[in-house]
Each structure stands twice: as structure tokens, then as C-alpha cells.
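> Predicted model follows, preceded by the sequence.
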Amino acid sequence: MKNLVLIVLLTSALGCAQEKSPVLGDTDFQKEQNAKFKDATTSPLKDKDRKVFNGLDFFEFDSTYVVIASFKRTPNEKIFKMKTTTDRKPEYVKYGELNFDLKGKNYTLNIYQNQGLIKKEGYENYLFLPFLDETNGIESYGGGRYIDARIPEGDTMLIDFNKAYNPYCAYNDKYSCPIVPRKNYLRMKLEAGVKAFKKH
């Protein structure tokens, strides 16, 4: 009888484990993104897309796209209203410039600070790094991608392009997303981070 009870318990446990599919992803970042998109409370996906969601498409992790950039603070910049995909125009300031070498070429990107967001707890040192590249509209989202960053303590910053993610507008047109400034266009195919999303 004990054996029978044990078999029943094991069978039901295995059944539960099979129903809950594992979160896909090769890196912690990929797993975090997929978990967020699967969860109805945090997902930007429309219900019809979330119900059939198995995981985002990512470029394969490539350490080439993890770079150390020199960071130059630009303290006298004026606050400006950044264009978005809607009428909303949040206030940003150019916080600094990042200069780095990637695949034998030198690039510079502006990094920004959202003036409204820094007033929220936990975001006091948050910086915003949007960029465009030559994969946009082909392998990656046409509107460019974003990277989250924090104010560095010194004059360098590590940029991991494998953590580049899409604006929520790539998944759902109800969102208002900052439009990447043209100055942040990288004349290269940056094959790292999240790929374009195929809607259902």
C-alpha cells in the first residue's frame, strides 16, 4: 500500500512539473526577459501573443559585444523633450558620451538621463542608452533598441550589447516609447541582444 501511495505521489508531482514549462534562455538576462514576458502582471505582450509565447528570439551570446567604453561627462547640457511614438515628450538630458572600439572600429554614443525617472526611488542613478544599427528592420526591431545603465563611479563604463532589448512598442502599440536619436546610429550590424518580435 505504501508503494502504491508513493507511486501516486510521484506521478502527480511529475505531472505538475511537466505542465509548468521551464523558462528558456542561455544567459541570466535572457531568462529574466522571458520570465517577465510570460508573466501576465509584467508582460508588455497583448493577451493573444502572450498565450502562445514560448520565448523571445535572441542573437547568440557573443563576448565580442561586451566592451569597456571611456565615459565623458557632459555637465552643461540643456534639458530637452525627447520625441516618442505618441504625443508624450518626457524630459531628458544628455548625461555623457561613451567612446569604444568594436570589431576594429571606433564608435561614440550619447547616454541620457530621464529627468522624471530619477525622482523615483531606485532610479536616482539610472541612465538610458538607446541605439540604432544596421540590423534594424531586418533581424532586429526597426525602431532601434535600448540598454539600461547606471552612473559609473569612474571614467569608464562596461556596455554589454547582449543585454540590448526592444522598446515595448515592438510588442504592443499601446505603449509610448522614446524614439532613438539619430546621433546614436552605429554604422554596423550589431548582432547581439533581442531580435525582432513576430506578432501573431
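Received, thanks.

> biggest strand in the chain, by residue count?
strand 91-102 (DSSP state E).

> Past it, which element shows up next along the chain?
strand 105-114 (DSSP states H and E).

> so how far is that following strand from its chain's centroid?
16 Å (Cα atoms, centre = their mean, to the nearest Å).

> Please apply the same query to stretch 37-53.
16 Å.

> most centrally placed residue in the chain?
residue 165 (2.4 Å; Cα atoms, centre = their mean).

> that older thread, now the longest strand of the chain against strand 105-114, angle please.
160 degrees (axes from the mean of the first three to the mean of the last three Cα atoms, to 10 degrees).

> who does strand 91-102 touch, helix- and strand-wise?
strand 66-73, strand 80-81, strand 105-114, strand 126-131, strand 156-160 (3 or more Cβ pairs under 8 Å, 6 or more residues apart in numbering; DSSP states H and E). Every C-beta, even on glycine, is put in place using the N, C-alpha and C of the backbone.

> Run through the residues that contact the residue nearest to the centre of the chain.
33, 145-147, 193-194 (Cβ atoms under 8 Å, 6 or more residues apart in numbering).

> For it, grab phi and psi.
The phi/psi pair for residue 165 (degrees, to the nearest 10) reads phi -130, psi 160.

> List the beta-bridge partners for it.
residue 146 (DSSP bridges).

> What confidence value was assigned to it?
We have a pLDDT of 98 for residue 165.

> what's the answer for residue 26, then?
On the pLDDT scale, residue 26 gets 86.

> Equivalent analysis for residue 177, please.
97.

> wait, isn't it in contact with residue 168?
Yes. With contact defined as Cβ atoms under 8 Å, residue 177 reaches residue 168; the gap is 6.1 Å.

> before we move on, back to that, how much space separates the residue nearest to the centre of the chain from residue 91?
For residue 165, the distance to residue 91 (Cβ to Cβ, to the nearest Å) stands at 22 Å.

> Ok, residue 49 next?
In terms of Cβ to Cβ, residue 49 sits 32 Å off from residue 91.
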